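Undergrad: Fold the following.
(chains A and B)
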Amino acid sequence: MEGLVIKNLVLRNIEPINLSVEKGIIAGIAGESGIGKSLLLRALADIDPHEGEVFFDGKSVESFPAHEWRRLVGLLPAESPWWFDVVGEHFSDPDQSLFNALGFDMDVLLWSITRLSSGEKQRLAVARLLNGNSPGALLLDEPTANLDSGNTQRVEDLITDYAKKQSTAVIVVSHDTEQLDRLSDQKYFLDRTGLKRF
Amino acid sequence: MIHLTSLDLSMAALLIVLLALISLAMELGLAKKIIIAGARTTVQLLLVGLVLRFLFDNVNAGVLILTALFMLFVAGREVVARQKRRFTGIWGLGIGTFSMFLSSFTIAIMALTVIINAEPWYEPRYAIPLLGMLLGNTMSGIAIGLDRLTTAAWEHRAIIEARLMLGQRADDAISRIRRDCIQNGLIPIINVMSVAGIVSLPGMMTGQILSGTPPIEAVKYQILILFLIAGGTGLGTVSAVWLGSRRLFDDRQRLRLDRLRKS
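TA: Numbers count the residues shown, from 1 in each chain, chains lettered A, B, ... in the order given. Got it, this is the predicted structure:
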(Lines give C-alpha, C1' and ligand atoms only; values in the text may rest on other atoms or scores of the structure.)
Protein backbone atom coordinates (compact mmCIF):
# COMPACT_ATOMS: atom_id res chain seq x y z
CA MET A 1 0.00 0.00 0.00
CA GLU A 2 1.15 3.56 -0.69
CA GLY A 3 1.92 5.99 2.10
CA LEU A 4 2.94 5.29 5.67
CA VAL A 5 1.88 1.98 7.24
CA ILE A 6 2.49 1.00 10.87
CA LYS A 7 1.99 -2.59 12.02
CA ASN A 8 2.07 -3.70 15.66
CA LEU A 9 4.37 -0.96 16.81
CA VAL A 10 5.10 -1.48 20.52
CA LEU A 11 5.62 1.48 22.83
CA ARG A 12 6.10 1.30 26.56
CA ASN A 13 2.80 0.58 28.42
CA ILE A 14 0.65 0.85 25.27
CA GLU A 15 -1.13 -1.86 23.29
CA PRO A 16 0.49 -2.41 19.87
CA ILE A 17 -0.29 0.39 17.42
CA ASN A 18 -1.60 -0.06 13.88
CA LEU A 19 -2.10 2.86 11.51
CA SER A 20 -2.17 3.58 7.79
CA VAL A 21 -1.82 7.09 6.39
CA GLU A 22 -2.20 7.35 2.64
CA LYS A 23 -0.40 9.94 0.54
CA GLY A 24 -2.03 13.35 0.66
CA ILE A 25 -3.84 12.50 3.92
CA ILE A 26 -3.30 14.28 7.24
CA ALA A 27 -3.82 12.11 10.33
CA GLY A 28 -4.18 13.96 13.63
CA ILE A 29 -3.30 12.28 16.92
CA ALA A 30 -4.52 13.53 20.28
CA GLY A 31 -3.90 12.06 23.71
CA GLU A 32 -2.89 12.91 27.24
CA SER A 33 0.56 14.36 27.66
CA GLY A 34 3.09 11.71 28.63
CA ILE A 35 1.16 8.89 26.98
CA GLY A 36 3.79 8.48 24.26
CA LYS A 37 2.76 10.58 21.25
CA SER A 38 6.26 11.98 20.82
CA LEU A 39 7.78 8.55 21.37
CA LEU A 40 5.52 7.20 18.63
CA LEU A 41 6.85 9.80 16.16
CA ARG A 42 10.45 9.13 17.24
CA ALA A 43 9.96 5.41 16.67
CA LEU A 44 8.49 6.10 13.21
CA ALA A 45 11.54 8.18 12.29
CA ASP A 46 13.70 5.31 13.60
CA ILE A 47 15.34 7.62 16.13
CA ASP A 48 14.42 5.30 19.02
CA PRO A 49 14.78 1.50 18.99
CA HIS A 50 11.34 -0.11 18.66
CA GLU A 51 9.48 -3.33 18.01
CA GLY A 52 7.01 -3.64 15.17
CA GLU A 53 7.03 -2.80 11.48
CA VAL A 54 6.89 0.49 9.60
CA PHE A 55 6.55 0.76 5.83
CA PHE A 56 6.66 3.57 3.30
CA ASP A 57 5.19 2.77 -0.10
CA GLY A 58 5.38 -0.91 0.80
CA LYS A 59 9.07 -0.83 1.71
CA SER A 60 10.10 -1.44 5.32
CA VAL A 61 12.30 0.81 7.46
CA GLU A 62 15.05 -1.77 7.43
CA SER A 63 15.27 -1.77 3.63
CA PHE A 64 16.59 1.83 3.76
CA PRO A 65 19.86 3.08 5.23
CA ALA A 66 18.74 4.90 8.39
CA HIS A 67 19.62 8.39 7.17
CA GLU A 68 17.75 7.90 3.90
CA TRP A 69 14.67 6.76 5.80
CA ARG A 70 14.80 9.95 7.87
CA ARG A 71 15.03 12.09 4.74
CA LEU A 72 11.95 10.29 3.46
CA VAL A 73 10.04 10.37 6.75
CA GLY A 74 10.76 13.82 8.15
CA LEU A 75 10.24 14.40 11.87
CA LEU A 76 9.67 17.88 13.29
CA PRO A 77 10.36 17.61 17.04
CA ALA A 78 8.47 19.78 19.52
CA GLU A 79 11.62 21.81 20.09
CA SER A 80 14.13 22.21 17.28
CA PRO A 81 17.67 23.16 18.24
CA TRP A 82 19.97 25.33 16.10
CA TRP A 83 23.68 24.66 16.11
CA PHE A 84 25.36 27.23 13.86
CA ASP A 85 25.55 30.95 14.70
CA VAL A 86 23.47 32.26 11.83
CA VAL A 87 20.11 31.04 10.44
CA GLY A 88 21.34 30.74 6.87
CA GLU A 89 24.08 28.26 7.76
CA HIS A 90 21.37 25.69 8.45
CA PHE A 91 20.01 25.88 4.90
CA SER A 92 21.88 24.65 1.85
CA ASP A 93 19.54 25.90 -0.91
CA PRO A 94 16.86 28.14 0.61
CA ASP A 95 13.54 28.24 -1.24
CA GLN A 96 12.12 31.77 -1.14
CA SER A 97 8.46 30.80 -1.55
CA LEU A 98 8.72 28.55 1.50
CA PHE A 99 10.13 31.35 3.65
CA ASN A 100 7.51 33.80 2.39
CA ALA A 101 4.73 31.34 3.15
CA LEU A 102 5.98 31.20 6.73
CA GLY A 103 6.04 35.00 6.99
CA PHE A 104 9.79 35.60 6.54
CA ASP A 105 11.81 37.71 4.10
CA MET A 106 15.02 36.20 2.85
CA ASP A 107 17.08 38.46 5.10
CA VAL A 108 16.10 36.10 7.93
CA LEU A 109 18.98 33.98 6.64
CA LEU A 110 21.39 36.60 7.98
CA TRP A 111 19.85 36.67 11.44
CA SER A 112 21.78 35.46 14.44
CA ILE A 113 20.29 32.44 16.19
CA THR A 114 20.46 34.23 19.53
CA ARG A 115 17.89 36.85 18.48
CA LEU A 116 15.23 34.34 17.39
CA SER A 117 12.07 34.05 19.48
CA SER A 118 10.74 30.57 20.23
CA GLY A 119 7.98 31.16 17.67
CA GLU A 120 10.47 32.18 14.99
CA LYS A 121 12.56 29.12 15.76
CA GLN A 122 9.51 26.92 15.35
CA ARG A 123 8.53 28.42 11.99
CA LEU A 124 12.12 28.24 10.74
CA ALA A 125 12.27 24.61 11.84
CA VAL A 126 9.31 23.90 9.55
CA ALA A 127 11.21 25.60 6.72
CA ARG A 128 14.35 23.60 7.50
CA LEU A 129 12.46 20.33 7.44
CA LEU A 130 10.64 20.99 4.16
CA ASN A 131 13.46 22.83 2.40
CA GLY A 132 16.18 20.21 2.33
CA ASN A 133 14.81 16.77 1.73
CA SER A 134 11.25 17.14 0.37
CA PRO A 135 10.04 14.28 2.60
CA GLY A 136 7.42 11.82 1.40
CA ALA A 137 5.93 11.62 4.88
CA LEU A 138 5.84 14.22 7.64
CA LEU A 139 5.71 13.62 11.39
CA LEU A 140 4.88 16.88 13.17
CA ASP A 141 5.07 17.11 16.96
CA GLU A 142 3.06 20.12 18.22
CA PRO A 143 4.06 22.19 15.18
CA THR A 144 2.39 25.41 16.37
CA ALA A 145 2.80 25.19 20.15
CA ASN A 146 4.75 28.47 20.38
CA LEU A 147 2.88 30.42 17.69
CA ASP A 148 0.30 33.22 17.79
CA SER A 149 -2.94 32.73 15.86
CA GLY A 150 -1.70 34.45 12.69
CA ASN A 151 1.41 32.32 12.43
CA THR A 152 -0.49 29.19 13.46
CA GLN A 153 -2.72 29.87 10.45
CA ARG A 154 0.34 30.25 8.19
CA VAL A 155 1.87 26.96 9.33
CA GLU A 156 -1.44 25.09 9.09
CA ASP A 157 -2.00 26.40 5.55
CA LEU A 158 1.52 25.41 4.58
CA ILE A 159 1.11 21.89 5.97
CA THR A 160 -2.25 21.37 4.23
CA ASP A 161 -0.90 22.78 1.00
CA TYR A 162 2.25 20.66 1.16
CA ALA A 163 0.32 17.48 1.93
CA LYS A 164 -2.00 17.93 -1.08
CA LYS A 165 0.48 19.29 -3.65
CA GLN A 166 3.39 17.00 -2.80
CA SER A 167 1.05 14.09 -2.06
CA THR A 168 2.56 13.58 1.37
CA ALA A 169 1.37 11.38 4.23
CA VAL A 170 1.26 13.57 7.35
CA ILE A 171 0.88 12.70 11.03
CA VAL A 172 0.27 15.65 13.34
CA VAL A 173 0.42 15.32 17.10
CA SER A 174 -1.30 18.15 18.97
CA HIS A 175 -2.95 18.78 22.31
CA ASP A 176 -5.12 21.37 20.55
CA THR A 177 -8.22 19.44 19.44
CA GLU A 178 -9.57 22.42 17.48
CA GLN A 179 -6.36 22.44 15.46
CA LEU A 180 -6.75 18.75 14.77
CA ASP A 181 -10.33 19.43 13.64
CA ARG A 182 -9.05 22.07 11.20
CA LEU A 183 -6.11 20.09 9.85
CA SER A 184 -6.92 16.42 9.92
CA ASP A 185 -8.58 14.17 7.37
CA GLN A 186 -8.53 11.41 10.00
CA LYS A 187 -8.46 11.83 13.78
CA TYR A 188 -7.05 9.39 16.32
CA PHE A 189 -6.80 9.19 20.07
CA LEU A 190 -3.85 7.50 21.80
CA ASP A 191 -4.21 5.93 25.23
CA ARG A 192 -3.08 2.76 26.99
CA THR A 193 -5.47 0.65 24.95
CA GLY A 194 -3.75 1.75 21.76
CA LEU A 195 -4.59 4.10 18.89
CA LYS A 196 -8.29 4.55 18.05
CA ARG A 197 -9.99 6.53 15.32
CA PHE A 198 -12.76 8.89 16.33
CA MET B 1 77.19 11.89 39.28
CA ILE B 2 76.67 13.04 42.88
CA HIS B 3 74.90 10.41 44.96
CA LEU B 4 72.14 11.50 47.32
CA THR B 5 72.20 10.17 50.87
CA SER B 6 69.25 9.50 53.16
CA LEU B 7 70.25 12.63 55.07
CA ASP B 8 70.02 14.68 51.86
CA LEU B 9 66.48 13.47 51.26
CA SER B 10 65.55 14.00 54.92
CA MET B 11 66.51 17.64 54.61
CA ALA B 12 64.27 17.96 51.56
CA ALA B 13 61.51 16.24 53.51
CA LEU B 14 61.71 19.04 56.09
CA LEU B 15 60.14 21.26 53.42
CA ILE B 16 57.10 18.97 53.38
CA VAL B 17 56.89 19.09 57.16
CA LEU B 18 57.19 22.88 57.05
CA LEU B 19 54.38 23.05 54.48
CA ALA B 20 52.21 20.89 56.74
CA LEU B 21 52.90 23.16 59.70
CA ILE B 22 51.95 26.23 57.66
CA SER B 23 48.76 24.45 56.69
CA LEU B 24 47.99 23.78 60.36
CA ALA B 25 48.69 27.38 61.35
CA MET B 26 46.57 28.79 58.54
CA GLU B 27 43.85 26.13 58.97
CA LEU B 28 44.07 25.14 55.30
CA GLY B 29 43.00 21.61 56.21
CA LEU B 30 45.77 20.18 54.05
CA ALA B 31 48.31 19.08 56.66
CA LYS B 32 47.23 15.45 56.73
CA LYS B 33 46.98 15.26 52.95
CA ILE B 34 50.43 16.79 52.48
CA ILE B 35 52.07 14.31 54.87
CA ILE B 36 50.25 11.34 53.33
CA ALA B 37 51.12 12.46 49.79
CA GLY B 38 54.76 12.92 50.76
CA ALA B 39 54.84 9.46 52.30
CA ARG B 40 53.14 7.95 49.26
CA THR B 41 55.69 9.53 46.93
CA THR B 42 58.55 8.07 49.00
CA VAL B 43 57.10 4.57 49.29
CA GLN B 44 55.79 4.34 45.71
CA LEU B 45 58.97 5.58 44.09
CA LEU B 46 61.19 3.37 46.26
CA LEU B 47 59.07 0.38 45.28
CA VAL B 48 59.31 1.35 41.61
CA GLY B 49 63.06 1.68 42.07
CA LEU B 50 63.20 -1.87 43.42
CA VAL B 51 61.03 -3.15 40.58
CA LEU B 52 63.18 -1.38 37.99
CA ARG B 53 66.35 -2.78 39.56
CA PHE B 54 64.84 -6.25 39.33
CA LEU B 55 63.81 -5.67 35.71
CA PHE B 56 67.20 -4.26 34.72
CA ASP B 57 68.92 -7.28 36.26
CA ASN B 58 66.63 -9.68 34.40
CA VAL B 59 66.70 -8.78 30.72
CA ASN B 60 63.89 -10.97 29.40
CA ALA B 61 61.26 -10.27 26.74
CA GLY B 62 58.54 -12.15 28.64
CA VAL B 63 59.06 -10.22 31.87
CA LEU B 64 59.12 -6.97 29.94
CA ILE B 65 55.87 -7.74 28.09
CA LEU B 66 54.13 -8.69 31.35
CA THR B 67 55.29 -5.43 32.92
CA ALA B 68 54.14 -3.46 29.88
CA LEU B 69 50.70 -5.09 29.97
CA PHE B 70 50.37 -4.32 33.67
CA MET B 71 51.24 -0.67 33.00
CA LEU B 72 48.69 -0.61 30.17
CA PHE B 73 45.96 -2.04 32.38
CA VAL B 74 46.60 0.48 35.14
CA ALA B 75 46.57 3.34 32.61
CA GLY B 76 43.30 1.98 31.18
CA ARG B 77 41.74 2.00 34.64
CA GLU B 78 42.90 5.58 35.12
CA VAL B 79 41.25 6.68 31.84
CA VAL B 80 37.96 5.15 33.03
CA ALA B 81 38.29 6.85 36.42
CA ARG B 82 38.56 10.25 34.74
CA GLN B 83 35.26 9.89 32.84
CA LYS B 84 32.17 11.67 34.15
CA ARG B 85 30.09 9.43 31.89
CA ARG B 86 31.64 6.17 30.87
CA PHE B 87 30.63 3.59 28.31
CA THR B 88 28.86 0.59 29.81
CA GLY B 89 30.29 -2.92 29.67
CA ILE B 90 33.64 -3.84 28.19
CA TRP B 91 33.68 -0.63 26.12
CA GLY B 92 34.34 1.55 29.17
CA LEU B 93 37.76 0.04 29.75
CA GLY B 94 38.18 -1.29 26.21
CA ILE B 95 38.14 1.86 24.08
CA GLY B 96 40.79 3.72 26.09
CA THR B 97 42.98 0.69 26.71
CA PHE B 98 42.89 -0.46 23.09
CA SER B 99 43.75 3.04 21.86
CA MET B 100 46.67 3.29 24.27
CA PHE B 101 47.86 -0.13 23.21
CA LEU B 102 47.61 0.84 19.57
CA SER B 103 49.50 4.11 19.94
CA SER B 104 51.94 3.69 22.84
CA PHE B 105 53.03 0.14 22.08
CA THR B 106 53.57 0.57 18.36
CA ILE B 107 55.45 3.82 18.83
CA ALA B 108 57.54 2.43 21.70
CA ILE B 109 58.53 -0.61 19.66
CA MET B 110 59.27 1.53 16.62
CA ALA B 111 61.45 3.84 18.70
CA LEU B 112 63.28 0.94 20.34
CA THR B 113 63.99 -1.00 17.16
CA VAL B 114 64.42 1.71 14.52
CA ILE B 115 65.45 4.94 16.29
CA ILE B 116 67.27 4.06 19.52
CA ASN B 117 68.39 0.66 18.26
CA ALA B 118 68.47 -0.77 21.77
CA GLU B 119 70.16 -4.14 21.86
CA PRO B 120 68.15 -6.27 22.50
CA TRP B 121 65.00 -4.23 21.73
CA TYR B 122 63.47 -5.28 25.03
CA GLU B 123 66.40 -3.89 27.04
CA PRO B 124 64.36 -2.64 30.06
CA ARG B 125 66.60 0.37 30.73
CA TYR B 126 65.23 1.90 27.52
CA ALA B 127 61.90 0.15 27.09
CA ILE B 128 60.34 0.82 30.51
CA PRO B 129 60.98 4.57 30.83
CA LEU B 130 60.02 5.12 27.19
CA LEU B 131 56.76 3.21 27.49
CA GLY B 132 56.04 4.85 30.82
CA MET B 133 56.32 8.34 29.40
CA LEU B 134 54.33 7.40 26.31
CA LEU B 135 51.54 5.78 28.31
CA GLY B 136 51.36 8.59 30.83
CA ASN B 137 50.92 11.27 28.18
CA THR B 138 48.74 9.26 25.82
CA MET B 139 46.55 8.49 28.79
CA SER B 140 45.94 12.19 29.42
CA GLY B 141 45.02 12.90 25.83
CA ILE B 142 42.67 9.93 25.62
CA ALA B 143 41.07 10.70 28.97
CA ILE B 144 40.40 14.32 27.96
CA GLY B 145 39.15 13.37 24.50
CA LEU B 146 36.79 10.63 25.70
CA ASP B 147 35.49 12.65 28.62
CA ARG B 148 34.63 15.56 26.39
CA LEU B 149 33.06 13.26 23.82
CA THR B 150 30.65 11.59 26.21
CA THR B 151 29.89 14.84 28.04
CA ALA B 152 29.23 16.70 24.79
CA ALA B 153 27.04 13.91 23.43
CA TRP B 154 24.99 14.05 26.61
CA GLU B 155 24.67 17.82 26.65
CA HIS B 156 24.04 18.23 22.93
CA ARG B 157 21.82 15.24 22.34
CA ALA B 158 18.96 17.44 21.11
CA ILE B 159 21.23 18.89 18.43
CA ILE B 160 22.68 15.53 17.43
CA GLU B 161 19.21 14.01 17.15
CA ALA B 162 17.84 17.01 15.27
CA ARG B 163 20.60 16.55 12.71
CA LEU B 164 19.78 12.86 12.45
CA MET B 165 16.11 13.73 11.97
CA LEU B 166 17.07 15.92 9.04
CA GLY B 167 18.66 12.91 7.41
CA GLN B 168 22.31 13.48 8.27
CA ARG B 169 24.51 10.48 8.79
CA ALA B 170 25.67 9.77 12.35
CA ASP B 171 29.21 10.69 11.23
CA ASP B 172 28.06 14.14 10.11
CA ALA B 173 25.84 14.69 13.14
CA ILE B 174 28.76 14.13 15.55
CA SER B 175 31.58 15.52 13.38
CA ARG B 176 31.84 18.93 15.06
CA ILE B 177 31.89 17.40 18.53
CA ARG B 178 34.44 14.81 17.46
CA ARG B 179 36.77 17.45 16.04
CA ASP B 180 36.46 19.52 19.20
CA CYS B 181 37.32 16.52 21.40
CA ILE B 182 40.41 15.57 19.39
CA GLN B 183 41.63 19.16 19.48
CA ASN B 184 41.22 19.27 23.24
CA GLY B 185 43.12 16.03 23.67
CA LEU B 186 46.04 17.32 21.59
CA ILE B 187 46.36 20.90 22.77
CA PRO B 188 48.33 20.08 25.98
CA ILE B 189 51.17 18.31 24.16
CA ILE B 190 51.25 21.02 21.47
CA ASN B 191 51.58 23.62 24.22
CA VAL B 192 54.33 21.63 25.92
CA MET B 193 56.30 21.46 22.67
CA SER B 194 55.75 25.18 22.03
CA VAL B 195 57.17 26.35 25.36
CA ALA B 196 59.74 23.57 25.93
CA GLY B 197 63.02 25.12 27.00
CA ILE B 198 61.61 28.65 27.19
CA VAL B 199 59.03 28.58 29.96
CA SER B 200 60.04 25.25 31.43
CA LEU B 201 62.86 22.76 31.23
CA PRO B 202 61.30 19.37 30.57
CA GLY B 203 61.64 17.02 33.56
CA MET B 204 63.35 14.21 31.73
CA MET B 205 66.04 16.41 30.31
CA THR B 206 66.59 18.09 33.68
CA GLY B 207 67.01 14.69 35.31
CA GLN B 208 69.52 13.56 32.71
CA ILE B 209 71.56 16.74 33.08
CA LEU B 210 71.53 16.47 36.88
CA SER B 211 72.81 12.92 36.63
CA GLY B 212 75.70 13.98 34.45
CA THR B 213 74.59 13.62 30.81
CA PRO B 214 76.04 16.30 28.50
CA PRO B 215 73.31 18.90 27.78
CA ILE B 216 73.15 18.34 24.02
CA GLU B 217 72.71 14.59 24.46
CA ALA B 218 69.95 15.23 26.99
CA VAL B 219 68.31 17.71 24.62
CA LYS B 220 68.37 15.23 21.75
CA TYR B 221 66.67 12.60 23.88
CA GLN B 222 64.11 15.16 25.05
CA ILE B 223 63.26 16.12 21.47
CA LEU B 224 62.90 12.47 20.57
CA ILE B 225 60.64 11.84 23.54
CA LEU B 226 58.46 14.87 22.81
CA PHE B 227 57.97 13.78 19.20
CA LEU B 228 57.14 10.25 20.29
CA ILE B 229 54.70 11.56 22.90
CA ALA B 230 53.04 13.89 20.38
CA GLY B 231 52.68 11.04 17.90
CA GLY B 232 51.37 8.66 20.54
CA THR B 233 48.94 11.16 22.01
CA GLY B 234 47.65 12.10 18.56
CA LEU B 235 47.20 8.55 17.37
CA GLY B 236 45.69 7.41 20.67
CA THR B 237 43.28 10.33 20.98
CA VAL B 238 42.08 10.07 17.38
CA SER B 239 41.57 6.34 17.83
CA ALA B 240 39.72 6.64 21.15
CA VAL B 241 37.46 9.50 20.08
CA TRP B 242 36.69 7.79 16.78
CA LEU B 243 35.85 4.46 18.45
CA GLY B 244 33.83 6.25 21.13
CA SER B 245 31.86 8.26 18.59
CA ARG B 246 31.05 5.05 16.71
CA ARG B 247 29.90 3.39 19.90
CA LEU B 248 27.53 6.30 20.61
CA PHE B 249 25.44 5.22 17.62
CA ASP B 250 23.92 1.86 16.74
CA ASP B 251 23.59 0.18 13.35
CA ARG B 252 20.49 2.31 12.58
CA GLN B 253 22.47 5.49 13.30
CA ARG B 254 20.51 6.23 16.47
CA LEU B 255 22.17 8.16 19.29
CA ARG B 256 22.39 5.59 22.11
CA LEU B 257 23.04 7.47 25.34
CA ASP B 258 21.83 4.38 27.19
CA ARG B 259 25.31 3.05 26.39
CA LEU B 260 26.71 5.59 28.86
CA ARG B 261 26.39 5.61 32.61
CA LYS B 262 27.35 8.14 35.19
CA SER B 263 30.58 7.35 37.00
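
Undergrad: Could you say whether the residue of chain A found nearest chain B sits in a helix, a strand or coil?
TA: Nearest residue of chain A to chain B: A:Arg71, at 3.4 Å (Cβ to the nearest Cβ). No exception for glycine: its C-beta is placed from N, CA and C like everyone else's. Secondary structure, DSSP: H, G, I helix; E, B strand; the rest coil: A:Arg71 is helix.

Undergrad: how many other residues sit next to the residue nearest to it when sequence neighbours are not counted?
TA: Spatially, and ignoring its direct neighbours in sequence, A:Arg71 is nearest to B:Gly167 (3.4 Å; Cβ to Cβ, 6 or more residues apart in numbering or on different chains). By other Cβ atoms under 10 Å in any protein chain shown, 23 other residues sit near B:Gly167.

Undergrad: Which residues are in contact with the one residue in the stretch 1-150 of chain B that gets nearest to chain A?
TA: Relative to chain A, the nearest point of the stretch 1-150 of chain B is B:Thr88 (15.3 Å; Cβ to the nearest Cβ). With contacts defined as Cβ atoms under 8 Å, 6 or more residues apart in numbering or on different chains, B:Thr88 is in contact with B:258-261.

Undergrad: Near chain A, list only the ones from those residues.
TA: When Cβ under 8 Å from any Cβ of the partner chain is applied, no member of the contacts of B:Thr88 is adjacent to chain A.

Undergrad: from those, which is closest to chain A?
TA: Checking these against chain A by Cβ to the nearest Cβ gives B:Asp258 as the nearest, at 9.0 Å.

Undergrad: pretty sure A:Asp161 belongs to a strand, no?
TA: No. Assignment of A:Asp161 by three-state DSSP gives helix, placing it outside any strand.

Undergrad: The closest residue to it other than its chain neighbours - how many residues pack around it?
TA: Spatial nearest neighbour of A:Asp161, excluding adjacent residues (Cβ to Cβ, 6+ apart): A:Ala101 at 7.8 Å. Residues contacting A:Ala101 under the criterion other Cβ under 10 Å number 19.

Undergrad: Check what pLDDT A:Ala101 gets.
TA: On pLDDT, A:Ala101 comes in at 95.

Undergrad: Who are the contact partners of the residue of chain A closest to chain B?
TA: For A:Arg71, the contacting residues are A:132-133, A:135, B:166-167, by Cβ under 8 Å, 6+ apart.

Undergrad: Now render those as TSV, adding secondary structure and pLDDT.
TA: Output for these, formatted as TSV (DSSP: H, G, I helix; E, B strand; the rest coil; pLDDT from 0 to 100):
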residue	secondary structure	pLDDT
A:Gly132	helix	77
A:Asn133	helix	81
A:Pro135	coil	92
B:Leu166	coil	95
B:Gly167	coil	95
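
Undergrad: Which members of those are the farthest-apart pair?
TA: By the measure Cβ to Cβ, A:Pro135 and B:Leu166 form the most distant pair in the contacts of A:Arg71, at 9.8 Å.

Undergrad: which neighbours do those two share?
TA: Common neighbours of A:Pro135 and B:Leu166, counting by Cβ under 8 Å, 6+ apart, are A:71, A:74, A:129.

Undergrad: what residues are up against the residue in the stretch 151-263 of chain B that chain A sits nearest to?
TA: Relative to chain A, the nearest point of the stretch 151-263 of chain B is B:Gly167 (3.4 Å; Cβ to the nearest Cβ). Going by Cβ under 8 Å, 6+ apart, B:Gly167 touches A:67-68, A:70-71, A:74, A:132-133.

Undergrad: between those, which is nearest B:Leu52?
TA: Ranked by distance to B:Leu52 (Cβ to Cβ), these are led by A:His67 at 53.2 Å.

Undergrad: Tell me how many other residues crowd B:Leu235.
TA: 19.

Undergrad: Same question for A:Phe99.
TA: Neighbour count for A:Phe99, taken as other Cβ under 10 Å: 20.

Undergrad: What does the residue nearest the centre of chain A show for phi and psi?
TA: Residue closest to the average C-alpha location in chain A (Cα atoms, centre = their mean): A:Leu140, at 2.2 Å. Phi and psi for A:Leu140, reported as degrees, to the nearest 10, are phi -110, psi 120.
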